[in-house]
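# Generate a structure from the sequence data that follows.
(chains A, B and C)
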Amino acid sequence: MSLSADIEQPDDPGARGPSKRAVEIVVSLILIGLAAAVLYDSYGRGAGWNGGPESGFFPARVGWIFLAGSLFLLVQAFREPPAIFATWSQLLMVAKVFGPLALFVVLVEPLGIYAAAAIFTAVFMPIVGGARWYTVIATSVLVPLVCFVVFEIEFLVPLPKGPLEAMFGY
Amino acid sequence: MDDFSALLAGFQVALSWHNVGFMIVGVLLGIVVGVLPGLGGPNGVAILLPLTFGMDPTSAIILLSSIYWGALFGGAITSILFNIPGEAWSVATTFDGYPMAQEGRAGEALTAAFTASFIGAISGVLLITFVAPLVAKFALRFGPAEFFAVFLLTFCSFIGMGKDNRIKILVSLCIGFLLAGVGMDTISGDLRMTFDVAELMRGFDFLVVVIGLFGVSEIFLTVEEGLAFKGKKAAIDLKVVLRTWAGLPRYWATLIRSSIVGMWMGVTPGGAIAASFMGYGLAKRFSKRGDNFGKGEIEGVLAPETAAHAAGTAALLPMLALGIPGSATAAVLLGGLMIWGLQPGPMLFVEQKDFVWGLIASMYLGNVAGLLIVLATVPLFAAIMRIPFAIVAPIILVVCAIGAYTVGNSIFDIWLMLLFGVVGYVFKKLGFPLAPMVLALVLGDRAEDAFRQALLGSGGSLNVFWANGLVTTLVVLSAILLFWGPLSDLVGWARSRGQGKPALGAAE
Amino acid sequence: MKALALSAALVLSATAHASAWEPTKPVEVVVPFGPGGASDQMARTIQGIVQKHNLSSQQLVVVNKPAATGGEAMMDIQKSMRDPHKLLTTSSGIYMTPLSTKIPVNWRNFTPVGMLAQDEFLVWVKNDASYKTVQDLLAEAKTASPAMKIGGGGSKREDDLIVFSIGAEAGVKLTYIPYKSGGEASTQLAGGHVSADTNNPSEDVANWRGGQTRPLCVLSKKRIAYTARSRATRPGDIPDCGEQGLNFTYNMLRGIFMPGGVTEEQKAFYVNLLKKVSETPEWKEYLERNALLPDQRFGEDFEDFLLSDEALHKDLMGKAGFLATN
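This next block holds a predicted model:
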């Protein structure tokens, strides 16, 4: 099984990418794993009928159907006609959004959501491109600021805060 | 017609200058909290509740219920523009609303959604005005078995057709059910499928999953196709409102059907979420253009919005008449009532006439005010589509993250949002339908609870599900709806065979 | 002018130092239940009173963390060691949740601030039911098949424990039906889907006043002290269950905790705040409306209560088989 399937325009590197079949197989394997975990947990707690269904009864039944469905998907995946899931250049674009977003979530814990949002915006906009530097700065300052006013001050909804907010006494 | 004069007196109360002012402020605040995912409905009302402690109860409830109307209207905006349901009940609105926006018909979709909301809400208020005590009594007939039957009916009206890969529909449903089962089990008090991970105790909140599955994944799909929102050429003048209105009378059947479904679900605390899915499912099934649903069909926006709002409004009825909150937001309002020293329940209609009829009158006026305000904002919101992607995308993602956090005040939920964003992206590319997963996630555990409560009570006998006329009717209706698809396929097949034409469905 | 401002600032800071600790940012009140429930109402009532009477320079902010019947809220407080800007409203769940699940929290790691009241539990039946006393109800339960259904909020919680204990004392088999909340149980009772429920007054009073349900007796050693209004019957006229020959009693604390590791001054601020809150007319009205037993305890008094109440729960839950295994 090759991970790359070259179709349509084999000469154009932009049109290459992971094959749909490979992704289908990986997904169905993950689903099978989840189904196994569900069954393990449900039978561990009791999935029988004790004057009515026990707490594991439904998850276990659904788990079996889920397992059967996932196995079927695995078989189906091998019969999938060759096609690509997405081209590498498309995936690169997705990664350009995913990367900064993951960074943002990592930073929420230590820095608080507002500072993290400022950094995220400042990183994201230049990577995606199409915005001038002053727009980038204005957006990355204004968005967290407006959120802060709306949530912390107006609606009294406490969001994660970090050292920066602590300096101002929040 | 004693009630009618009471209602007129109510209009006088509600129409005083300061109450109209509160109404407008409330609707605007509601739109804001409705647009921000995670902050809508119950949270929004709860957050603003303390502001009203100093006010007189009538003004306070007018302010709060206007927030509720505003939030109901506002939930549709992000669903249509960005595929991010601001509220659980606007998930079904994304199915056709977002494709419409992508085609550059955002203004039309927004107008349809707002108008449908208004029609739904007004039918709910009419119900409250004229048949309150009668209908309120009916709600009491719903025990666990009946609740289960209602959820079954919702599932059956939504599923059972579908041209997607059937195994994928099934797997998607299973995932939804299992996600719904994670966390504390109401019936046994056990923690299920948490694998001793403390963060999983809370289970998977519906909104967090949906923000990721629909909203974040949509951004991934958008960048894949070249960093710009489609539908940039959305018309942004107010004429779109009139043009859309001209086309609406054609869909009278859908509007009436959804209103009835919504009122029914609101009164029998089935809820606005179930109502919106059921409204959509039934419209898809009975519409001549059913095959076009999911591709940007205006009927697919009208149906769930009407049903959700009829339900959301009708849900206030059991609260006022019986003191039973029909929805989480109603529960917060109920808490508010008690803080102002009012005791909800049948006596409220007797002891606090001014208050009740003032509130009911404000429902009419609040919805009219709400409709005018949101329609005026249609061009504004449609214009958002013209802002460059590089600016809008980070704002959407930050707001999504805040929304995911506020649902359960947990940073872990932001991670989940990201995870489900990836899941949604992969699933959409592989052709897994997401709607069944979402439906099972919202209603799965409630259906299971009701089923098990019913069996506990009957000592394990399944007879409870055809023990009385009401539950039997519901179960039979569900069965009919479930087999409607295969049956009509069969009929169609037989007919085309009789005419010697190849069967249409055979190739699929 | 500048000098004046400076001296004013000095005076201000001097008084600030002289007086005890005060919060420097909004205080989060974590409620281990959803919006609209009894705990939430208490938190929001306190929030409203503090705001209205200006009892604190900083606002209180209510945050609901209902997951895992309060387990999540307790984990949050456990994690917030030494944070003086966080409070937790509590009920018996403070020991019941850790005992019935494996959630690794213990109130001994928190700082008990004070108990504000105790909640009563009553046996409610449908208004048109034939039962006059709780004994009538139990007599019918003896012959019922399938077993008589009694509703309540949550599984392995207060209501479940009460139903088990009543059944054990009377020697009858009762089926407990857990609903999401006491309010839902009350509605189900009004619809006749269960024969009785064991709600707090606040959870059933709406249906009582509306003529849908009525109380048989209070599961308490004494009758309710309030004598005002509430339809034909006054709460004070409801017999206690002992008068009807059912000896089991149960009350639930309603109190406030802080995270562990806070200083004495910080705790003192909140003790003071709560004392001030409890003196306002709004608070008295709140107590009366929900027929709460006014029972305030602070400091060691509160801690002693917690210890004995926890031991009681451990015993009852052990008998009922609610304790988490392994």
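# Show the pLDDT at C:Ala5.
Model confidence at C:Ala5, given as pLDDT, is 48.
# correction: B:Glu508
Per-residue confidence (pLDDT) for B:Glu508: 34.
# again with B:Ile169
Looking at B:Ile169 specifically, the model assigns a pLDDT of 86.
# now B:Ile339
In this model, B:Ile339 is scored at 63, pLDDT.
# Can you report phi and psi for B:Glu297?
With angles defined as degrees, to the nearest 10, B:Glu297 sits at phi -100, psi 130.
# How about the residues of chain C by chain A?
Counting by Cβ under 8 Å from any Cβ of the partner chain, the residues of chain C lying close to chain A are C:Thr24, C:Lys25, C:Pro26, C:Glu28, C:Gln59, C:Val61, C:Val63. Quick note: C-beta positions are derived from backbone N, CA and C, even for glycine.
# Of those residues, which belong to strands?
The strands in this structure, assigned by DSSP state E, contain C:Glu28, C:Val61, C:Val63 from the residues of chain C next to chain A.
# Pull the number of nearby residues for the first one.
Same thing as C:Glu28. 21 (other Cβ atoms under 10 Å in any protein chain shown).
# The residue nearest to B:Gly75 when sequence neighbours are not counted - how many residues pack around it?
In space, and not counting its chain neighbours, B:Gly75 is closest to B:Glu87: 3.5 Å by Cβ to Cβ, 6 or more residues apart in numbering or on different chains. Close neighbours of B:Glu87, defined as other Cβ under 10 Å, add up to 31.
# Next one, pLDDT for B:Glu87 please.
The pLDDT attached to B:Glu87 in the predicted structure is 73.
# need the longest helix for chain B.
Ranked by residue count, the top helix of chain B under DSSP state H comes out as helix B:106-139.
# correction: chain A
Longest among the helix segments of chain A by residue count, using DSSP H, is helix A:20-45.
# List the buried residues in it.
The neighbour-count criterion (16 or more other Cβ atoms under 10 Å in any protein chain shown) identifies A:20-25, A:27-28, A:31-32, A:34-35, A:38-39, A:41-42, A:45 as the buried residues of helix A:20-45.
# Give me the helices and strands touching that helix, please.
Using 3 or more Cβ pairs under 8 Å, 6 or more residues apart in numbering or on different chains; DSSP states H and E as the contact criterion, the secondary-structure elements in contact with helix A:20-45 are helix A:57-78, helix B:166-181, strand B:191-192, helix B:412-430.
# any idea which of the ones you listed is most buried?
The densest packing among the helices and strands packed on helix A:20-45, expressed as mean neighbour count by mean count of other Cβ atoms under 10 Å in any protein chain shown, is seen in strand B:191-192 with a mean of 25.
# and chain B, which of the ones in strands among the residues of chain C next to chain A contact it?
For chain B, the contacts drawn from these by Cβ under 8 Å from any Cβ are C:Val63.
# And the residue nearest in space to the middle of chain A, how close does it get to chain B?
The central residue of chain A, meaning the one whose C-alpha is nearest the mean C-alpha position (Cα atoms, centre = their mean), is A:Phe98 at 8.1 Å. A:Phe98 sits at a distance of 7 Å from chain B (criterion: Cβ to the nearest Cβ, to the nearest Å).
# And A:Leu39, by the same measure?
The separation that A:Leu39 has from chain B, given Cβ to the nearest Cβ, amounts to 10 Å.
# show me what contacts that residue?
Contact analysis of A:Leu39 by Cβ atoms under 8 Å, 6 or more residues apart in numbering or on different chains lists A:Ala60, A:Gly63, A:Trp64, A:Leu67.
# what about the host helix or strand of B:Ser157, near chain A?
Of the helices and strands defined by DSSP states H and E, B:Ser157 is found in helix B:144-158. No: in terms of Cβ under 8 Å from any Cβ, no part of helix B:144-158 sits within range of chain A; the closest distance is 11.1 Å.
# Could you list the residues in contact with that helix?
Applying Cβ under 8 Å, 6+ apart, the set of residues contacting helix B:144-158 from outside is B:142, B:265, B:268, B:270, B:274, B:277-278, B:280-282, B:285, B:435-436, B:439-440, B:443, B:446-447, B:449-451, B:453-454, B:457, B:464-465, B:467, B:470-471, B:474-475, B:477-479, B:481-482, C:177, C:188, C:193.
# List only buried entries from these.
Taking 16+ other Cβ under 10 Å as the criterion, what is buried in the contacts of helix B:144-158 is B:142, B:265, B:268, B:270, B:274, B:277-278, B:280-282, B:285, B:435-436, B:439-440, B:443, B:446-447, B:449-451, B:453-454, B:457, B:464-465, B:467, B:470-471, B:474-475, B:478, B:481-482, C:177, C:188, C:193.
# From the contacts of helix B:144-158, which land in strands?
Short answer: those in strands (DSSP E) are C:Ile177.
# if we can go back for a sec, give me the subset of the buried ones among the contacts of helix B:144-158 lying in helices.
Secondary structure defined by DSSP H assigns B:265, B:274, B:277-278, B:280-282, B:285, B:435-436, B:439-440, B:443, B:446-447, B:449-451, B:453-454, B:457, B:470-471, B:474-475, B:478, B:481-482, C:188 of the buried ones among the contacts of helix B:144-158 to helices.
# Could you find the closest non-adjacent residue to B:Leu170?
A:Gly69 (4.9 Å).
# can you pull the pLDDT of the one you found?
The per-residue pLDDT of A:Gly69 was computed as 94.
# For chain A, what is the nearest residue in the stretch 1-150 of chain C?
When Cβ to the nearest Cβ is the measure, the stretch 1-150 of chain C has its nearest residue to chain A at C:Val61, with 4.7 Å between them.
# Identify the bridge partners of that residue.
Listed by DSSP bridges, the beta-bridge partners for C:Val61 are C:Glu28.
# How much space separates the closest residue to A:Asp41 other than its chain neighbours from C:Ala168?
Excluding its sequence neighbours, the residue lying closest to A:Asp41 (Cβ to Cβ, 6+ apart) is B:Met193, at 5.0 Å. Note on B:Met193: its distance to C:Ala168, by Cβ to Cβ, to the nearest Å, is 32 Å.
# what about the two, which has more around it?
Neighbours around B:Met193 and C:Ala168, counted as other Cβ under 10 Å, are more numerous at B:Met193. The numbers are 23 against 14.
# So for that one, what's the pLDDT?
pLDDT recorded at B:Met193 is 88.
# mind listing what B:Gly212 touches?
Taking Cβ under 8 Å, 6+ apart, we find B:Gly212 in contact with B:Cys400, B:Ala404, B:Leu416, B:Met417, B:Leu418, B:Leu419, B:Phe420, B:Gly421, B:Val423, B:Gly424.
# Near chain A, list only the ones from those.
Applying Cβ under 8 Å from any Cβ, the subset of the contacts of B:Gly212 adjacent to chain A comprises B:Leu418, B:Gly421.
# Which single one of the contacts of B:Gly212 is nearest to chain C?
Minimum separation from chain C among those (Cβ to the nearest Cβ) is found for B:Leu416, which lies at 13.2 Å.
# wait, what's in contact with that closest one?
Neighbour list for B:Leu416: B:Phe204, B:Val208, B:Val209, B:Gly212, B:Ala404 [criterion: Cβ under 8 Å, 6+ apart].
# How about C:Gly152?
Counting by Cβ under 8 Å, 6+ apart, the residues that C:Gly152 touches are C:158-160, C:162-163, C:176-179, C:182, C:185, C:197-199.
# give me that answer again for 7 Å
C:Gly152 sits next to C:Asp159, C:Asp160, C:Val163, C:Tyr176, C:Pro178, C:Tyr179, C:Gly182, C:Ala185, C:Asp197, C:Thr198 when contact means Cβ atoms under 7 Å, 6 or more residues apart in numbering or on different chains.
# Just give me the neighbour total for C:Asp83.
C:Asp83 is flanked by 16 other residues according to other Cβ under 10 Å.
# okay, it: pLDDT?
At C:Asp83 the predicted local distance difference test score is 91.
# Show me which residues of the stretch 151-300 of chain B are close to chain A?
Taking Cβ under 7 Å from any Cβ of the partner chain as the measure of proximity, the stretch 151-300 of chain B contacts chain A at B:167, B:170-171, B:174, B:177-178, B:181, B:185, B:187-188, B:190, B:192-193, B:195, B:219-220, B:223-224, B:227.
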